[in-house]
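Asker: how would this look folded up:
(2 chains)
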Protein chains: 2
Amino acid sequence: MVAVLSPLAPKSFPDLPEIEGVRFATGAAGVRYKGRTDVMLALFDKGTQAAGVFTKSKCPSAPVDWCRARLKGGKARALVVNSGNANAFTGKIGAQAAKLTASLAAKATGAPPAEIFLASTGVIGEPLDASKFEGVFEKLTKAASPDRLFEAAKAIMTTDTYPKVATARAMIGGVEVLISGMAKGAGMIAPDMATMLAFVFTDAPIAAPVLQSMLGKSVQGSFNAITVDSDTSTSDTLLLFATGAAAKRGAPQIAVANDRRLARFKTALDGLLLDLAQQVVKDGEGARKFIQVTVQGAATSPAAKKIALSIANSPLVKTAIAGEDANWGRIVMAVGKAGERAERDRLAIWFGDIRVAYKGLRDPAYDEKQVSKLMQAQEIDIRVDLGLGKGEATVWTCDLTKEYVAINGDYRS
Amino acid sequence: MVAVLSPLAPKSFPDLPEIEGVRFATGAAGVRYKGRTDVMLALFDKGTQAAGVFTKSKCPSAPVDWCRARLKGGKARALVVNSGNANAFTGKIGAQAAKLTASLAAKATGAPPAEIFLASTGVIGEPLDASKFEGVFEKLTKAASPDRLFEAAKAIMTTDTYPKVATARAMIGGVEVLISGMAKGAGMIAPDMATMLAFVFTDAPIAAPVLQSMLGKSVQGSFNAITVDSDTSTSDTLLLFATGAAAKRGAPQIAVANDRRLARFKTALDGLLLDLAQQVVKDGEGARKFIQVTVQGAATSPAAKKIALSIANSPLVKTAIAGEDANWGRIVMAVGKAGERAERDRLAIWFGDIRVAYKGLRDPAYDEKQVSKLMQAQEIDIRVDLGLGKGEATVWTCDLTKEYVAINGDYRS
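Answerer: Numbering: from 1, shown residues only, chains lettered A, B, ... in the order given. Down below sits the predicted model:
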């Protein structure tokens, strides 16, 4: 296990204002190791609305199944997150463990089990002994406090080298509302969803169906536009909770998705999710470089995204960047293998502002030395113009280093 | 550049019988480095029939475009292969370079340019100066000899740590015919096609359309069932040449694909291509372990292949195997992300003969120590039964090691 802080970690963390109606507590239930903080409880005031987006894996974890079913009600009173065990590929006893966890949390918090959300991260395939939570939620319920979001973000880390938090403000109907969120994830990161857990909280009074609609759109350009290793987890979960407490300050109730008063909230939410998603990439296992891949001029935007992900997931592109090598031939290769329309003689490729390839061959004007210097930076921009249409997409990834192999070659040992 | 022999290299090379009607020569044209063997010429007797399968990249190299056009005639008199420059993403001047190469070879050999096949491997995006071949083909034509297949196989290597050759015999109409082949490739290896060059020669008298039909089928279970890094080259080329010389020994002319007398030849060809394809995987950059992935019980065979490739391409599965870790949770993840039908509660997973997961959870009977011992072997068998239908597929890959990252992080430097 490599515990060194990612060189791409943020230099500082934002101050996180309290979100009225949300309280956090963390504790040690001994899920996998004794004495390690491995459970986080978030409590929500009555009336809190919930929305969520989950992994597209055909073998989702028990907590993912649980949350999907709970979202039908749209209401949330608590969120339980444990690390150490993903409760994935655990069959019927996994579903029973999820149910037991929720009922223990319900007993301690007084909330109905159907309004309790669950997420688990850790090893796959080992049964989760939910009886370990017995008595734990009572303590956490007592200790829960609105000023512990950062502590909660630390509690849900696994191979992460830093906690991921973000906060934003937005105006709804002339009243300021708050949004704050946390994420965890470092490996098994690929779109639909990125392999991670993320929880976002707001005091805005927005109805669950509206939250769901916004969240579904917002993830396309954030959590579904990042990749570390093309591997999709069984447990990816993004939940958004709205307590509605800002209504007391005069914020209007938002009941329909196309309400114009939501415009600035949507922008703030997009920015916050992108911030969290990029923080996940920057903590990518072994990552030393943060890579932005933009594809323009594709036949369609979905085609642009497929090509961008083909580049972002290519081991040869990622190792070249780890080696600070502007090997644009490998980008041509990755464009070619994506299976989308591309014409060699129209393709142009840039590293940063330097065009290295144009109209089917090396750009005669480019200076290898300049590009080499650019490749030494921590953040690398790759841009491809296919010259075919107006389709465009941007995705983010990190380089592939020996450390990635080291981290993942002895994860369980 | 890592020059150490792959630990998975064959312990010995087969004796390669001469194929009547084929002669080989190798030389140094100074394509990229002076004094390095970088060009191979194969000469075929008149009447030689040709077939080929190529990369599915949307940005194929100039030699791939050239060969595709030449195959329409079905006749071959020569094959020119160079290393040092792939002549890929070189636009119109790339096509001109291919044409010049063919015309220089035609002048030296007396063959029509339309019956000359080309393949190039090496760096992408640099113009190939074909004038360097001037005078070279004359020398090679004089030197060409039927006993130099092994030497030719060595000449086409790039990051390969050993030459890849195979030979087989088969009966057609009571007469023994010979098949021999060579391949190169170590990285940028993924199906459709595996990134590689492979050339196969036979003295069997088989018409070009029949060769093409056989080749198209045979690659599905061999070169299109291997992956090193999921990266597809712009240059993948597999060519099959049949001189027909065995007709002099009484072998019948085969003019239609469903001729029953071809049965044993097909089997021999399948075996030979699989042998070469597996040799490519065993020389996978940085490979220490050879991995066979079999998926059974899928809804369809294409679904089985997609799931098998999802497992074989997963960085997390490949790094776990590099770390000798029987981390079957990552196999569940890779099954789940493939996008094909899968039911957690029907899934079973084996490492070798040991069933580690069954009916949606860890097999209670399996002994971690036994599995750990098995993971220390050089060849690892993974088997997944989805319990849904009769679809089945097998693919081959290698582990992902720090050496892969090292090799590809400074390839151009």
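
Asker: Name the residues of the stretch 1-150 of chain A found near chain B, please.
Answerer: A:55-60, A:86, A:88-94, A:123-127 (CB under 8 Å from any CB of the partner chain). Just so you know, the C-beta spots here come from the backbone N, C-alpha and C atoms, and that holds for glycine as well.

Asker: Would you map the helices across the stretch 301-413 of chain A?
Answerer: Applying DSSP state H, counting those that start in this stretch to the stretch 301-413 of chain A gives helices spanning A:301-313, A:315-322, A:328-337, A:368-374, A:402-409.

Asker: For the residue in chain A sticking out farthest from the centre, give me the pLDDT.
Answerer: Residue distances from the centre of chain A (CA atoms, centre = their mean) peak at A:Pro364, which lies 40.4 Å from the mean C-alpha position. Note on A:Pro364: pLDDT of 85.

Asker: Now A:Lys99: which helix or strand?
Answerer: helix A:91-109 (DSSP states H and E).

Asker: all strands in the stretch 51-200 of chain A, in order from the N-terminus.
Answerer: For the stretch 51-200 of chain A, strands defined by DSSP state E, counting those that start in this stretch occupy the ranges A:78-85, A:116-123, A:164-172, A:175-184, A:197-202.

Asker: Then the stretch 201-350 of chain A?
Answerer: Secondary structure of the stretch 201-350 of chain A (DSSP E, counting those that start in this stretch): strands at A:237-242, A:290-298, A:348-351.

Asker: right, so these: which one is the most enclosed?
Answerer: strand A:237-242 (a mean of 28; mean count of other CB atoms under 10 Å in any protein chain shown).

Asker: where are the low-confidence patches of chain A?
Answerer: Applying pLDDT under 70 to chain A picks out residues A:1-3, A:187-195, A:230-232, A:410-413.

Asker: From the recorded domain assignment, give the ranges for it.
Answerer: A:22-282, A:290-409 (automatic domain parsing).

Asker: okay, now the nearest residue to A:Lys289 once chain neighbours are set aside: neighbour count?
Answerer: Leaving out its chain neighbours, the residue that sits closest to A:Lys289 by CB to CB, 6 or more residues apart in numbering or on different chains is A:Asp399, at 4.3 Å. Burial of A:Asp399 is recorded as 24 neighbouring residues (other CB atoms under 10 Å in any protein chain shown).

Asker: tell me, how many neighbours does A:Val256 end up with?
Answerer: Residues near A:Val256, counting by other CB under 10 Å, number 10.

Asker: Tabulate the strands of the stretch 51-200 of chain A in TSV, adding columns for distance to A:Leu211.
Answerer: As requested, those are arranged in TSV below (distance: least, CB to CB, whole Å):
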stretch	distance to A:Leu211
strand A:78-85	14
strand A:116-123	13
strand A:164-172	13
strand A:175-184	11
strand A:197-202	9
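
Asker: Could you identify which of these is most buried?
Answerer: strand A:197-202 (a mean of 28).

Asker: got the CA positions of that one in CSV?
Answerer: Extracted C-alpha coordinates of strand A:197-202, given in CSV (Å, rounded to 0.1, in the frame of the first residue of the first chain):
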residue,chain,number,x,y,z
LEU,A,197,-18.8,7.1,-3.7
ALA,A,198,-19.9,10.7,-3.6
PHE,A,199,-22.4,12.4,-1.4
VAL,A,200,-23.6,15.9,-2.0
PHE,A,201,-25.8,17.9,0.5
THR,A,202,-27.7,21.1,0.0
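
Asker: could you give the angle of it to strand A:237-242?
Answerer: 10 degrees (axes from the mean of the first three to the mean of the last three CA atoms, to 10 degrees).

Asker: How about strand A:197-202 and chain B, any contact?
Answerer: No - figure legend: strand A:197-202 not in contact with chain B (CB under 8 Å from any CB); closest approach 15.2 Å.

Asker: can you list contacts of that strand?
Answerer: Strand A:197-202 is contacted from outside by A:19, A:22, A:42, A:79, A:81, A:119, A:121, A:149, A:156, A:177-185, A:223, A:235-243, A:269, A:272-273, A:276, using CB atoms under 8 Å, 6 or more residues apart in numbering or on different chains.

Asker: who touches A:Pro146 in this structure?
Answerer: A:Pro146 neighbours (CB under 8 Å, 6+ apart): A:18-20, A:22-24.

Asker: Could you tell me the phi and psi values at it?
Answerer: The phi/psi pair for A:Pro146 (degrees, to the nearest 10) reads phi -70, psi -10.

Asker: Could you check how far it is from B:Tyr358?
Answerer: 46 Å (CB to CB, to the nearest Å).

Asker: got it, and A:Gly94?
Answerer: Distance from A:Gly94 to B:Tyr358, by CB to CB: 14 Å.

Asker: If you count surrounding residues, which of those two has more?
Answerer: Taking neighbours as other CB under 10 Å, A:Gly94 and B:Tyr358 compare with A:Gly94 leading, 29 against 20.

Asker: Which residue, neighbours along the chain excluded, lies closest to A:Arg341?
Answerer: A:Ala299 (4.8 Å).

Asker: Next, count neighbours for that neighbour.
Answerer: Count around A:Ala299 with other CB under 10 Å applied: 16.

Asker: Near A:Arg330, how many other residues are there?
Answerer: Neighbour tally, A:Arg330, other CB under 10 Å: 26.

Asker: The one 3 residues further on now?
Answerer: Other residues lying near A:Met333 total 30 when counted by other CB under 10 Å.

Asker: which residue packs closest to it, ignoring adjacent ones?
Answerer: Among residues not flanking A:Met333 along the chain, B:Thr234 sits closest, at 5.7 Å (CB to CB, 6+ apart).

Asker: Ok, A:Leu347 next?
Answerer: Closest to A:Leu347 by CB to CB, 6+ apart is A:Leu386, at 6.2 Å.

Asker: I'd assumed A:Ala338 was in contact with the one you found.
Answerer: No - A:Leu386 lies out of contact with A:Ala338 (CB atoms under 8 Å); the separation is 10.3 Å.

Asker: which residues do those two both contact?
Answerer: Common neighbours of A:Leu386 and A:Ala338, counting by CB under 8 Å, 6+ apart, are A:Ile307.

Asker: what are the phi and psi angles of the residue lying closest to A:Ser213 once chain neighbours are set aside?
Answerer: Among residues not flanking A:Ser213 along the chain, A:Ala257 sits closest, at 4.1 Å (CB to CB, 6+ apart). Backbone torsions for A:Ala257, taken as degrees, to the nearest 10, come to phi -70, psi -30.

Asker: Beta-bridge partners for the closest residue to A:Arg249 other than its chain neighbours, please?
Answerer: Excluding the flanking residues, the one nearest A:Arg249 by CB to CB, 6+ apart is A:Val175, at 5.4 Å. For A:Val175, the beta-bridge partners are A:Ile172 (DSSP bridges).

Asker: Can you tell me how far A:Val175 is from A:Glu18?
Answerer: 17 Å.

Asker: what do you get for A:Val335?
Answerer: 47 Å.

Asker: A:Lys132 too?
Answerer: 30 Å.

Asker: what does the stretch 201-350 of chain A have sitting close to chain B?
Answerer: A:229-234, A:313-316, A:319-320, A:322-323, A:325, A:327-330, A:332-345, A:347.

Asker: A:Ala69: neighbour count?
Answerer: 11.

Asker: Also A:Ala144?
Answerer: Around A:Ala144 there are 19 residues (other CB under 10 Å).

Asker: gap between the two ends of stretch A:35-46?
Answerer: 32 Å (CA to CA, to the nearest Å).

Asker: Same question for stretch A:376-390.
Answerer: The first-to-last residue distance of stretch A:376-390 comes to 31 Å (CA to CA).
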